[in-house]
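Chemist: sequence and computational prediction follow.
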Amino acid sequence: MGAENTVSEGEFAGYQDLAAYYDLIMGDRRPFIDFYVSLLSPPDRSVLDIGCGSGSVTAEMARALRESDGGRKVRIAGIDGSEAMLAAAARRDAAIAWILGDIRDLPVAGPFDLAICT
């Protein structure tokens with residue numbers, strides 16, 4: 001029998017400390033943003049970003065989806081294991097559902113048109 005598949009507090013702690021510098025360290029995310037936005041197609045109205053980090057890609061996808069959707073309601077959610085990363089993400093776009101959780105046991109219900117992992 002294998003060991004229980006859990007994440008220790010220390011594994012998430014690194015991202016807690018890194019959150020203040022994450023976007024600076026990651027540099028220009030535009031190529032990634034452009035790629036993920038290109039995955040959106042006209043019927044898409046919901047996106048789930050698993051491991052969203054500081055939300056730079058998620059927020060741009062939300063903006064693109066809102067602009068292309070003619071004002072209809074969209075559902076955007078980002079999940080991450082770091083409260084500090086989610087706080088940075090919420091400063092980027094407060095309308096997105098930023099959810100603290102373990103990506104191995106997703107704390108969301110219902111279908112999404114597109115699920116990504118950034």
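Modeler: Nice, thanks for sending it over.
Chemist: so how far is Leu100 from Met61?
Modeler: 20 Å (C-beta to C-beta, to the nearest Å). C-beta: built from backbone N, CA, C; applies to glycine.
Chemist: list phi and psi for Ile99.
Modeler: phi -120, psi 130 (degrees, to the nearest 10).
Chemist: over to the one 3 residues further on?
Modeler: Dihedral angles of Asp102 (phi, psi; degrees, to the nearest 10) stand at phi -90, psi 130.
Chemist: more neighbours, Met61 and Leu100?
Modeler: Between Met61 and Leu100, Met61 has the larger neighbour count (other C-beta atoms under 10 Å), namely 27 against 13.
Chemist: buried ones in the host helix or strand of the more buried one?
Modeler: In this assignment (DSSP states H and E), Met61 forms part of helix 56-68. Buried residues in helix 56-68, counted by 16 or more other C-beta atoms under 10 Å: Ser56, Val57, Thr58, Ala59, Glu60, Met61, Ala62, Ala64, Leu65, Arg66.
Chemist: flag the shaky bits of this structure, pLDDT-wise.
Modeler: Applying pLDDT under 70 to the chain flags residues 1-24, 26, 69, 71.
Chemist: show me the strands in it, by range?
Modeler: Using DSSP state E, the strands of the chain run over residues 46-50, 75-80, 97-100, 114-116.
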